[in-house]
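*Asks:* Fold the stuff below for me.
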Amino acid sequence: MDIANLSFRTFVHATEDPERVEKALRFVSGAENVSRSSSTGYYGNPIIILEAKITDSKHIKALLRSLGPETLRVLLETLDRRLDEESFFYFRLDKQEAFLERFVLADGEDVIAVRGKVKSYPQSRDNAMISMRNILQSEIDRAARMEQRGREA
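*Replies:* You can find the predicted model right below:
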C-alpha cells in the first residue's frame, strides 16, 4: 500500500450530540483513539473538533475497500483535483450517512474530512498521482473480480 496514513477530522456543532458524531467518525476511520479539542465559531458558538488517524496498511486497505467500487471510481475520475502538490489525497464523507454506517461522498460542510499521505519516490505530485491511480484501479479491479466470482458461484 502506497498510502502512509489517513487522517480524519470532523466538527461537532452546538446542536449536535458529540457521542453520535464520534460514533460516525469511529465507523469511518475504524480508529481506536479519537482526539478532542475545543474551538469557538464565528458567532461565539462552541465547536468540538474530533480527529483520528490510521497508519496500518491493512487498515487503510480495508477502509478503501469499504468505500465500494462506485465510490472508488468517482475518486479515480476526480483524482486530479483531490491530490495536492505535497502528495496529500483528499475526500469528504457525509457525516450523517456515516452515523448510519454508510460511506457516502459529500461536498458540503457537514462532513468527515479524510486526508491521506501518498508515498511516492521521488516525492512529487506526478509520482503520487500514478501511485494513487494504481491503488484505486487495483481496488476497483479487485471488487469486479469478487463480483464475478459471486455470479459464478
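*Asks:* most centrally placed residue in this structure?
*Replies:* Nearest to the geometric centre of the chain sits V114, at 3.9 Å (C-alpha atoms, centre = their mean).
*Asks:* In the sheet, which residues pair with that residue? Tell me.
*Replies:* F8, F91 (DSSP bridges).
*Asks:* Point out where the protein drops to low pLDDT.
*Replies:* The model of the chain has pLDDT under 70 over residues 1, 153.
*Asks:* list the helices and strands the longest helix along it packs on?
*Replies:* Ranked by number of residues, the top helix in the chain under DSSP state H is helix 125-152. Helix 125-152 is packed against helix 57-67, helix 69-77, helix 79-82, strand 111-118, with contacts defined by 3 or more C-beta pairs under 8 Å, 6 or more residues apart in numbering; DSSP states H and E. The way it works is simple: take the backbone N, C-alpha and C, and place the C-beta from them, glycine included.
*Asks:* Now do the last one against helix 57-67, angle only.
*Replies:* Per axes from the mean of the first three to the mean of the last three C-alpha atoms, to 10 degrees, the angle that strand 111-118 makes with helix 57-67 is 130 degrees.
*Asks:* Convert the C-alpha atoms of strand 111-118 to PDB, please.
*Replies:* Output of strand 111-118 as PDB, limited to C-alpha atoms (Å, rounded to 0.1, in the frame of the first residue of the first chain):
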ATOM      1  CA  VAL A 111     -18.700  16.000   6.600                       C
ATOM      2  CA  ILE A 112     -15.800  13.900   7.900                       C
ATOM      3  CA  ALA A 113     -12.800  15.200   6.000                       C
ATOM      4  CA  VAL A 114     -10.200  12.500   5.100                       C
ATOM      5  CA  ARG A 115      -6.600  13.300   4.100                       C
ATOM      6  CA  GLY A 116      -4.200  10.600   3.000                       C
ATOM      7  CA  LYS A 117      -0.400  11.000   2.600                       C
ATOM      8  CA  VAL A 118       0.500   9.200  -0.600                       C
END
